[in-house]
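Visitor: Pasting the sequence and the predicted model now:
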Amino acid sequence: MTEPAAAPDPARTAPEPARTGDRWREVLVRGGLLLLGVLHLSWGVPAVLVPRWFFDSFPGFGLAWTAGYPPYNAHLMTDVGAAFLTLGVLLLAAAWLDDRRVTAVVITGLLVFGTVHLVFHLVQVGTLSSADLLASRGTLLLGVLVPGALVVLDRQRRA
């Protein structure tokens, strides 16, 4: 008779490799947090340092969406820049820490900001042309959908 195989030694058993789907979710969530963080910093720095330029030329590429909501106000533009800087720092911290609770709080804050911003621009038209208005609203909608997708991906990877 043959002897039954010995049970594997738990101390020597290698940990299970991460599932491929979980690894991709981690890359997407942390990459998304990094990208959004850098993007918000790239908006916040000029809005704080050169608020008039930011007002006259945001988002760039020959467009001037912020200027479509006159009048210019240096205090308001600096405050907007401070909000963007704050969100950028928090998003980068969430990517660095990779903690479920931190990520949830930061993305929830970004969703609140993005939703309020979108609703304002759905109600207010400013002086934008139809094409610029549509493009700006589409971009603002992405500002809600992308963080929402990150919430879903992060919950799935940690489930």
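Guide: Perfect, thanks for sending it.

Visitor: Please name the residues that touch Pro59.
Guide: By C-beta atoms under 8 Å, 6 or more residues apart in numbering, the residues touching Pro59 are 65-66, 139. C-beta here means a position set from N, CA and C on the backbone, and glycine is covered the same way.

Visitor: and it, how far is that from Gly143?
Guide: The gap separating Pro59 from Gly143 is 12 Å, by C-beta to C-beta, to the nearest Å.

Visitor: Which residue, other than its chain neighbours, is closest to the residue nearest to the spatial centre of the chain?
Guide: In the chain, the centroid-proximal residue (C-alpha atoms, centre = their mean) is Leu36; its distance is 3.8 Å. Nearest non-adjacent residue to Leu36, counting by C-beta to C-beta, 6 or more residues apart in numbering: Leu91, 4.9 Å away.

Visitor: Isn't the one you found up against Gly31?
Guide: No. Leu91 is not in contact with Gly31 according to C-beta atoms under 8 Å; the separation is 11.4 Å.

Visitor: For those two, work out which one has more neighbours and name it.
Guide: Using other C-beta atoms under 10 Å, the more surrounded residue of Leu91 and Gly31 is Leu91, with 27 against 12.

Visitor: which SS class is that one?
Guide: Following DSSP: H, G, I helix; E, B strand; the rest coil, the label given to Leu91 is helix.

Visitor: All the strands of the protein, in order from the start?
Guide: 59-60, 63-64 (DSSP state E).

Visitor: Which of those sits closest to Ala149?
Guide: Closest to Ala149 of the strands of the chain, according to C-beta to C-beta: strand 59-60, at 21.3 Å.

Visitor: what about the helices in this structure?
Guide: Assigned by DSSP state H, the helices in the chain fall at 20-49, 51-57, 74-97, 100-123, 130-158.

Visitor: Now do the buried residues in the first one.
Guide: Spelled out, it's helix 20-49. Residues of helix 20-49 classed as buried: 25-26, 29-30, 32-33, 36-37, 39-41, 43-44, 46-48 (neighbour count, 16 or more other C-beta atoms under 10 Å).

Visitor: Which neighbouring elements make contact with it?
Guide: Under the contact criterion of 3 or more C-beta pairs under 8 Å, 6 or more residues apart in numbering; DSSP states H and E, helix 20-49 touches helix 51-57, helix 74-97, helix 100-123, helix 130-158.
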